[in-house]
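Visitor: take this sequence and fold it.
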Amino acid sequence: MYFDARLWRLTRGLRAGMAGGILLGLLALAAGIARYVFLGLMLARVFDGAPWNDWAWPAAGAALMVLLRSQLDHWRTVQAQRASAAIQLSLRGQLYDRIVALGPAWFARQRTGGVMLTVVDGVEQLQTFFGQYLPQLAIAAAAPFAIFAVIAFWDVPTALVLLAAALFALAGPMAVHMLDRRASLARSRSLNEFGEDFLDAMQGLPTLKSYGQGKAWGQRLAARARKLSDNTFWVLSVSLLTRGITDLGVALGAALALTLGAWRVAAGDMSVEALLIVLMAGTEIFRPLRDLRSVLHQGMLGQSAAASIHMLMDARPLTPPLSAERAAPAALAPTIEFDNVAYAYTPERPAHQGLSFRIAAGERVGVVGPSGAGKSTIVRLLLRECVPQSGTVRVGGHDLNQLDADTLLSQIALVSQDIMLFHGTIEDNLRLGRPDASREQLRAAASAANIDDFIMALPEGYATRIGERGLQLSGGQRQRLAIARALLRDAPILILDEALSSVDAENEALIQQALDRLMEGRSTLILAHRLASVIGADRCLVLDQGRVVESGSHAELMRQGGLYHRLMREQAATLARPADAQADMADAGALAGHAGAAHSPAVAASAPAASTSASAGITHGQRRDGQDEPDLDNPQAPDARPLDADAAQVGWRDTLGTLLSVVRPWRGTLVATILLGVARVAAFIGVGVLSALAVAAIRDGREIQALIIALLATAPLAALFHWLESWLAHAMAYRLLADMRVKLYDKLERLAPAYLLQRRSGDLVALATQDIEMVEYFYAHTIAPAIVSLAVPLSVLGFLAFYSWPVALALLPFLAYALLSPVRGRRRIDALGDRARQALGEMSAHTADTIQGLADLTAFQATGRRRDEFLRAADRYRERRLSMQRDLSRQNANFELAAGLGGLAVAVTGGLQVAAGTLSAGMLPLLVLIALATFLPVSEISQVSRQLADTIAATRRLHVVSHEPVPVNDGPADAPVSAQGLSLAFEHVSFAYPGKRDNTLKNLSFTVPAGATVAVVGASGAGKSTVASLLLRFWDPQSGAVRLDGADLRGLKLDSLRERVALVTQDTYLFNDT
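Guide: Here you go, the predicted model:
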């Protein structure tokens, strides 16, 4: 069994609701046992030949108990699920707070995918753990004693046998619990590793493809997927072993109790009435244990999920806690001081060694130095993402370790080199640091950053959604939004960390002028490589090997001829030659009057160089994947489409087709699983039949030894067949899941990069983890049980019709209702499931955005508002999930009602036949038990069908991706090779992005001779990066041709082509690897 004391502590304050659900479950158990006691009393009177009016009252009592149990069970389920959802919501809030407390520095060393899976998928697994498993465990723990109390009223020795069997079925699985715990930890690690690598792949696929490494990464992911499958199946194998122990205890307990009871009746120590009650109640007495067995899988998943949750909760931030007596002054002077600061990321990697400098209020200071000199570390230390190992950092004269964090951050506005924009509207992103800004202030900041005109030209203006990480914008547009966001914050200390790195030349002068106005009267720290950013600073600090080696104005430092001179002399020479500056478009200070100079691509080719290689310069606005900046002002970006909106259009035929196509190669295993399922149900029915025949034989005074031997042999076979069926079904299912994950990546690899612009990477990770895991339910719990649930009832109904057609007729309407229950209300349940999966996908994407943007959220003091958004998303999912669960619970209650009344209808009809002399009284218990057993496989498929709502929703999402047309197909030929280099030609190329009417490139023609160096320049949105994208065949042109050394690219193998091209983009994507 599974129990986690730390998870239990999470229920504090919510245990009353859980206790209420457990109490309702115990009352439902009592009603269920009472139902069979009444049924046993009724059959005893039929055995005695009493008229129908003598057994009518126990029949009525049984009917009343059926109704009562059905309603109590519904209330129990709803109460338990409500309590579970409240625990999940509380836990997600705690995990979010933990993420914020750990801070950006901790997450810089972690992988987003694993943490996202913990917060979303890990907590999701606890829904069934708290909502089903724990309540059922409590009910099952009380059940043995309730069983003893009821049966002991009639016969204490038989009650003791049942008690011993129930305790064995409950406690036996604990013997293998430690094996399960170790396997659960391994499974948790495997899931996180796969999720982390998959998210890395989704965000870096364009880079992988541009280097021809997409398929190689796919092989790595395939190994991860199969390791996850193996570890999950090992956990499940241990779980199935515990399930087998429970099954064995239940089956043998019922058989031994009946055997003992039969001998005691034969010896005159027990009444036939008591034996009939034991016979009838045997199906219900162990029900809590059977129900517990059915949710052991949820207990296993909860145990596995708990491991990753505990690891996150136990993690310790890299930044030590603030002093308990931290200062929170009402006014803080905008001064910055580093006093002999030393900081190293690792002992071998010192960033600062004795760093000292001071920035006075209102002073504008530039910090320059070679890459790796420690410039960005200054920002991290100022924001207290890192804490110096020695020395002191002060703001306003206060040591940061003793200064209130909110007070510090409220004084700082930041524009960082790595821009993080969040999925949402432009206005949402601008308000990140100042949510109460007026519309006029919003537009004023955007105007100062030279982006208001662009925003207002959009159809939805400031309400325009910009996609995940702002990838619907060009790099320059994202940078200007980040500048506008900092302008709007209007803080006394301004930090510009390579703030102009992505701004195009025609706008740099206007933005620099706005920054000049903003910096007046503010303390400003400018970290930059570009001379234009620091040339107007009051003072420049030159860093080298973690120390300030030079300090002074630009002019003073240039005269010194030191490191600053070496770093800036080429840029300074460019500034000194205005004509060259215009041609080079490198410094905006020289280009204020040329904003509209270039509106279409220009191509210049030099004479072939001596080198045999060719190079091309693609300037401004490239994204990490090398696609053209899909500018909203141009508008070239493929339209973003919610995955769930497309999934909602997938019909039942396509959904089932997708599911069945995957299992087709496993037909042999599937047939074996079906046969084992039939054998298991047959053995279970056989136990009932042999028990009933033994009771009839005792009544008639016949020998029962052969029947008892057969009964004791058949009982363990039912447990064995169930174990084998489950083992085989899950072995097949988890291998299928590994294959599905591999195929999903392969399809996304062929669809990238265009498709990735339309989807959120967090949602795609949810697709590869949660959705595919949900599909397991179909392969392990649906296909074979569905066939068994049809074959067995129809066979039993045929037998009943042959033996007593009135009994079969009485059972038929109830059995028909049960058989049709999986499809009744299917459309409503599927719609509820779709809405719930959509909300879960949104929460996954939101979590990924939060983790990757944690540094910005912290710097702009937006973590609290982001928490509110996250909890709103979590609460929206909770409400949708509870709505679906209430509907499912009501359906389950109705099914139980049909099954209970169906068995009672057989008993009443048979009793009337016995009274009329057309049926042997000894056969009536057999017919009742067979009728009740008929509902067993139907109940399993009915239960599965209710869980199938999630599976169908997940499958539809997978179907959308698997059936997406691939935009670019492989060619048959290898790319040409030449020692002299390769020529390139665009011949009348026209191209429009998918879903866009306007062409980005129109009849474009140019040639690049082998060995030539070519620069492509133009305004934002002119199509520069599209040239590179077409060269790499991320897309194909609608007309015209792109040729490499005379060969049309469409005829070349993609990997071979990309081996001939090296791409360097503005936003470099590096993978979490060495």
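Visitor: tell me the secondary structure for Leu982?
Guide: With DSSP: H, G, I helix; E, B strand; the rest coil as the basis, Leu982 sits in coil.
Visitor: go ahead and confirm it touches Arg1060.
Guide: Yes. Counting by Cβ atoms under 8 Å, Leu982 touches Arg1060, with 6.4 Å between them. To be clear about C-beta, it is placed using only N, CA and C from the backbone, and glycine gets the same treatment.
Visitor: what residues do these two have in common as contacts?
Guide: Between them, Leu982 and Arg1060 share the neighbouring residues 976, 1044, with contact defined by Cβ atoms under 8 Å, 6 or more residues apart in numbering.
Visitor: who has more neighbours out of these two?
Guide: More neighbours sit around Leu982 than around the other of Leu982 and Arg1060, counting by other Cβ atoms under 10 Å; the figures are 22 against 19.
Visitor: which one is the more buried one nearest to, not counting chain neighbours?
Guide: Asp1045 (4.4 Å; Cβ to Cβ, 6 or more residues apart in numbering).
Visitor: need the contact partners of stretch 45-58.
Guide: Contacts to stretch 45-58, defined as Cβ under 8 Å, 6+ apart, come from residues 38-39, 41-42, 272, 276, 699, 910-912, 914-915, 921-922, 924.
Visitor: buried ones in that stretch, by neighbour count?
Guide: Neighbour-count burial for stretch 45-58, with 16 or more other Cβ atoms under 10 Å as criterion, is recorded at 45-47, 55, 58.
Visitor: let's see the distance spanning it from one end to the other.
Guide: With Cα to Cα, to the nearest Å as the measure, the first residue of stretch 45-58 is 10 Å from its last.
Visitor: cool, stretch 121-133 as well?
Guide: This stretch, stretch 121-133, spans 17 Å end to end (Cα to Cα).
Visitor: how about the CA coordinates for stretch 244-252, as PDB?
Guide: Output in PDB follows, covering the C-alpha atoms of stretch 244-252 (Å, rounded to 0.1, in the frame of the first residue of the first chain):
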ATOM      1  CA  GLY A 244      -2.400 -10.000  -7.100                       C
ATOM      2  CA  ILE A 245      -1.900 -10.500  -3.400                       C
ATOM      3  CA  THR A 246      -5.200  -8.600  -2.800                       C
ATOM      4  CA  ASP A 247      -7.000 -10.600  -5.400                       C
ATOM      5  CA  LEU A 248      -5.700 -13.800  -3.900                       C
ATOM      6  CA  GLY A 249      -6.800 -12.800  -0.400                       C
ATOM      7  CA  VAL A 250     -10.300 -11.800  -1.600                       C
ATOM      8  CA  ALA A 251     -10.900 -15.000  -3.800                       C
ATOM      9  CA  LEU A 252      -9.500 -17.500  -1.300                       C
END
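Visitor: contact partners of it?
Guide: The set of residues external to stretch 244-252 that reach it, using Cβ under 8 Å, 6+ apart, is 165-166, 168-170, 172-173, 175-176, 286, 289-290, 292-293, 296, 684, 687, 712, 715-716, 718-720, 722-723.
Visitor: flag the least confident of the contacts of stretch 45-58.
Guide: Taken together, the contacts of stretch 45-58 show their lowest pLDDT at Arg699, with 77.
Visitor: contacting residues around that one?
Guide: With contact set as Cβ under 8 Å, 6+ apart, Arg699 has these partners: 47, 272, 921-922.
Visitor: mind doing that once more with 7 Å?
Guide: The neighbours of Arg699, taking Cβ atoms under 7 Å, 6 or more residues apart in numbering as the test, are 47, 272, 922.
Visitor: what's the answer for Arg957, then?
Guide: For Arg957, the contacting residues are 643-644, 647, 767, 771, 837, by Cβ under 7 Å, 6+ apart.
Visitor: and if you look at Leu748?
Guide: Taking Cβ under 7 Å, 6+ apart, we find Leu748 in contact with 205, 755, 764, 961.
Visitor: which among those gets closest to Leu797?
Guide: Each of the contacts of Leu748 was scored against Leu797 by Cβ to Cβ, and Val961 proved nearest at 42.6 Å.
Visitor: about what we covered before: same list (the contacts of Arg957) but as CSV, adding neighbour count.
Guide: Listed next are these as CSV, based on neighbours: other Cβ atoms under 10 Å:
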residue, neighbour count
Leu643, 25
Asp644, 20
Ala647, 24
Leu767, 25
Asp771, 28
Arg837, 30
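Visitor: in space, what's closest to Gly902 - neighbours in sequence excluded?
Guide: If you skip the residues right next to it in sequence, Gly902 has Phe814 as its closest partner in space, 3.1 Å away by Cβ to Cβ, 6+ apart.
Visitor: just to be sure, the one you found is in a helix?
Guide: Yes. Note on Phe814: a helix contains this position according to three-state DSSP.
Visitor: what's the neighbour count on it?
Guide: The criterion is other Cβ under 10 Å. On that basis, Phe814 has 23 neighbouring residues.
Visitor: circling back to that earlier point, from the contacts of Arg699, pick the one nearest Ala216.
Guide: Nearest to Ala216, judged by Cβ to Cβ, of those is Gly922 at 71.9 Å.
Visitor: for the stretch 601-750 of the chain, which spans come out with low pLDDT?
Guide: For the stretch 601-750 of the chain, residues meeting the criterion pLDDT under 70 lie at 601-642, 644.
Visitor: how about the strands in it?
Guide: 602-605, 615-618 (DSSP state E, counting those that start in this stretch).
Visitor: got it, and the stretch 1-150 of the chain?
Guide: Going by DSSP E, counting those that start in this stretch, the stretch 1-150 of the chain shows no strands.
Visitor: tell me the domain boundaries of the protein?
Guide: Following automatic domain parsing, the chain resolves into domains at 5-317+645-962, 336-395+425-464+475-584, 971-1052.
Visitor: average model confidence for the second one?
Guide: Along domain 336-395+425-464+475-584, the predicted confidence averages to a pLDDT of 81.
Visitor: need the longest helix for this protein.
Guide: Ranked by number of residues, the top helix in the chain under DSSP state H is helix 52-107.
Visitor: now do it, average pLDDT.
Guide: 88.
Visitor: circling back to that earlier point, and the two most separated of the buried residues of stretch 45-58?
Guide: Phe47 and Pro58 (12.7 Å).
Visitor: same list (the domains of the chain) but as JSON lines, adding distance to Asp406.
Guide: Listed next are the domains of the chain as JSON lines, based on distance: least, Cβ to Cβ, whole Å:
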{"stretch": "domain 5-317+645-962", "distance to Asp406": "6"}
{"stretch": "domain 336-395+425-464+475-584", "distance to Asp406": "11"}
{"stretch": "domain 971-1052", "distance to Asp406": "37"}
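Visitor: out of the ones you listed, deepest packed?
Guide: Per-residue neighbour counts averaged over each of the domains of the chain give the maximum for domain 5-317+645-962, namely a mean of 21 (mean count of other Cβ atoms under 10 Å).
Visitor: any idea how far Val156 is from the residue nearest the centre of the chain?
Guide: Central residue of the chain (Cα atoms, centre = their mean): Ala766, 3.2 Å from the mean position. Ala766 is 55 Å from Val156, where distance means Cβ to Cβ, to the nearest Å.
Visitor: just Gln81 next, same as before
Guide: Following Cβ to Cβ, the distance that separates Gln81 from Val156 is 39 Å.
Visitor: rewinding a little: these two touch, right, the residue nearest to Gly902 and Val906?
Guide: No. In this structure Phe814 lies outside contact range of Val906 using Cβ atoms under 7 Å: 9.0 Å.
Visitor: which neighbours do the two share?
Guide: With the criterion set as Cβ under 7 Å, 6+ apart, the contacts of Phe814 and Val906 do not overlap.
Visitor: in helices only, show me the contacts of Arg699.
Guide: Those of the contacts of Arg699 lying in helices (DSSP H): 47, 272.
Visitor: and the contacts of Arg699, which is closest to Leu26?
Guide: Nearest to Leu26 among the contacts of Arg699, counting by Cβ to Cβ, is Val272 at 29.8 Å.
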